[in-house]
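Enquirer: Everything below, folded, please.
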Amino acid sequence: MTTVRITRRRHQPRWAESAGGIPESAQLAAALGYASLGVGAVQVVAPRLVAWLTGVRPSQAHKSTMRAVGLRELAVGTGLLSANTTSPWLWARAAGDVLDLALLGPGLASSRVGRRRRVLAIAAVAGVTVLDVVAGRRISAAEGRSGNSSTRTHLRAWATIRCPPEEAYRYWRNFENFPNFMEHVESVQVIGDTLSHWRVKGPAGSRLEWDAEIIRDDPSSLISWQSLPGAAISHQGGVRFREAPGGAEVSLDIVYSQPAGLAGGLAARLLGEHPQQQVSDDLQRFKQLIEVGSVTYPGDTPAQPAG
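Expert: Okay, the predicted model is just below:
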């Protein structure tokens with residue numbers, strides 16, 4: 001079975017450094033986004049419980065404030081998980097932390113009820129504030145390195161293939177095999193140990209070309225590559241091969257990016273209306289090649305057997 005996920009980011013993927021193939025900044029933003037959703041949901045659904053935990057004396061005004069804070073957290077969490085650029089949402093989260101400290105602080109001086117819980121709550125919020133500021137600076141820097149004027153689409157798919165991981169790795173490692181299962185790839189010419197030249201079918205019968213280099217190669221485990229600087233559409237990819245019941249689990253990450261405003265949205269049109277389906281189909285064809293030995297495109301002759 002093949003599974004696919006699509007997310008959109010505007011930062012530089014770090015295939016060679018992230019153990020799971022997912023960019024580290026994306027992992028951090030997603031973790032904080034889910035945390036905001038969780039905290040916000042509790043604040044909206046159970047404001048009295050949150051008030052008690054933070055040492056605030058329950059009242060109708062406090063319940064309304066707590067729900068408002070919860071709605072803010074839900075909005076920030078949604079932004080972190082869905083926005084093209086995550087750093088503004090991280091700074092919004094940090095600003096919300098400062099507001100939370102301001103709301104907790106006066107109560108500390110005006111009431112002795114729940115004093116210990118409130119001190120602990122203030123300490124916890126202060127710690128989260130530091131974390132959010134550090135995360136905001138880190139992700140802002142990552143987005144800055146990737147260029148604020150680029151649009152980035154990150155796709156991921158998984159498949160379980162009935163073969164040893166080393167067999168799947170061996171076929172994938174020869175990039176000239178890519179046209180056999182990647183529908184939009186016209187040809188890949190290997191021009192060195194780590195360099196290759198790509199020709200890809202573009203919109204309206206056009207052709208896009210770029211050079212790419214392998215940036216990490218762990219035999220039978222991981223291959224990652226990226227286009228060289230100067231490509232109109234930046235392209236990065238990473239594929240992992242793991243032992244799995246019945247064969248090998250293959251996980252594929254693909255990222256395309258282009259300067260914002262490029263006429264016609266070349267990357268979007270290159271990927272088609274349903275990019276997640278395209279990546280899933282590519283991986284499904286790879287599975288067929290390995291397991292059956294051939295795959296047929298509509299109107300095409302079968303691809304060469306794996307070997």
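Enquirer: Could you grab the helix/strand/coil label for residue 29?
Expert: Of the three states, residue 29 takes helix under DSSP: H, G, I helix; E, B strand; the rest coil.
Enquirer: For residue 223, see how far away it is.
Expert: Per Cβ to Cβ, to the nearest Å, residue 29 is found 26 Å from residue 223. (Glycine included, C-beta is placed from N, CA and C.)
Enquirer: Check residue 285 too.
Expert: Using Cβ to Cβ, residue 285 is found at 18 Å from residue 223.
Enquirer: Same check on residue 78?
Expert: Counting by Cβ to Cβ, the separation of residue 78 from residue 223 is 34 Å.
Enquirer: In terms of packing, which of these two has more residues around it?
Expert: More neighbours surround residue 223 than the other of residue 78 and residue 223, with 21 against 15 (other Cβ atoms under 10 Å).
Enquirer: what's the next secondary structure element after the helix or strand where the more buried one lies?
Expert: Following DSSP states H and E, one finds residue 223 within strand 222-227. Moving toward the C-terminus from strand 222-227, the next helix or strand (DSSP H and E) is strand 234-244.
Enquirer: what's the average pLDDT for whatever helix or strand comes next after that following strand?
Expert: Counting by DSSP H and E, the next helix or strand C-terminal to strand 234-244 is strand 247-259. Across strand 247-259, the average pLDDT comes to 82.
Enquirer: Output the contacting helices and strands for strand 247-259.
Expert: Secondary-structure packing of strand 247-259 (3 or more Cβ pairs under 8 Å, 6 or more residues apart in numbering; DSSP states H and E): strand 150-161, helix 165-173, strand 234-244, helix 266-271, helix 275-291.
Enquirer: For residue 67, which of the ones you listed is the nearest?
Expert: strand 150-161 (34.0 Å; Cβ to Cβ).
Enquirer: between the closest one and strand 234-244, how many degrees?
Expert: Note on geometry: by axes from the mean of the first three to the mean of the last three Cα atoms, to 10 degrees, strand 150-161 and strand 234-244 are set 20 degrees apart in direction.
Enquirer: how far out from the middle of the chain is strand 150-161?
Expert: Strand 150-161 has its C-alpha centroid displaced from the chain centroid by 8 Å (Cα atoms, centre = their mean, to the nearest Å).
Enquirer: same check, this time on stretch 174-191
Expert: Worked out by Cα atoms, centre = their mean, stretch 174-191 lies 25 Å from the chain centre.
Enquirer: cool, and stretch 224-244?
Expert: Centroid displacement of stretch 224-244 relative to its chain, using Cα atoms, centre = their mean, is 14 Å.
Enquirer: what do you get for stretch 35-53?
Expert: With Cα atoms, centre = their mean, you get 27 Å for stretch 35-53.
Enquirer: Can you give me the buried ones in it?
Expert: The neighbour-count check on stretch 35-53 (16 or more other Cβ atoms under 10 Å) flags 35, 36, 37, 39, 40, 42, 43, 44, 47, 50, 51, 53 as buried.
Enquirer: can you confirm the fifth one is in a strand?
Expert: To tie it back to what came earlier, the one meant is residue 40. No: using three-state DSSP, the assignment for residue 40 is helix, not a strand.
Enquirer: what's the helix or strand for the spatially closest residue to it that is not a sequence neighbour?
Expert: Leaving aside its chain neighbours, residue 40 sits nearest to residue 73 (3.1 Å; criterion: Cβ to Cβ, 6 or more residues apart in numbering). Per DSSP H and E, residue 73 falls inside helix 60-82.
Enquirer: and that helix, what other elements does it pack with?
Expert: Using 3+ Cβ pairs under 8 Å, 6+ apart, helix 60-82 sits against helix 24-45, helix 47-53, helix 87-110.
Enquirer: And the ones you listed, which one averages the lowest pLDDT?
Expert: Across the helices and strands packed on helix 60-82, helix 87-110 gives the lowest mean pLDDT, at a mean of 76.
Enquirer: buried ones in the helix or strand that that one is followed by?
Expert: Next helix or strand after helix 87-110 toward the C-terminus (DSSP H and E): helix 115-146. Buried residues in helix 115-146, defined by neighbour count with 16+ other Cβ under 10 Å: 118, 121-122, 125, 128-129, 131-133, 135-136, 138-140, 142-143, 146.
Enquirer: again, but for stretch 155-168
Expert: 155, 156, 157, 158, 159, 160, 161, 163, 165, 167, 168.
Enquirer: Rounded mean pLDDT for it, please.
Expert: Per-residue pLDDT over stretch 155-168 has a mean of 92.
Enquirer: From start to finish, how long is that stretch in a straight line?
Expert: The straight-line separation of the ends of stretch 155-168 (Cα to Cα, to the nearest Å) is 20 Å.
Enquirer: starting at the chain centroid, how far to it?
Expert: Its chain's C-alpha centre and that of stretch 155-168 lie 20 Å apart, by Cα atoms, centre = their mean.
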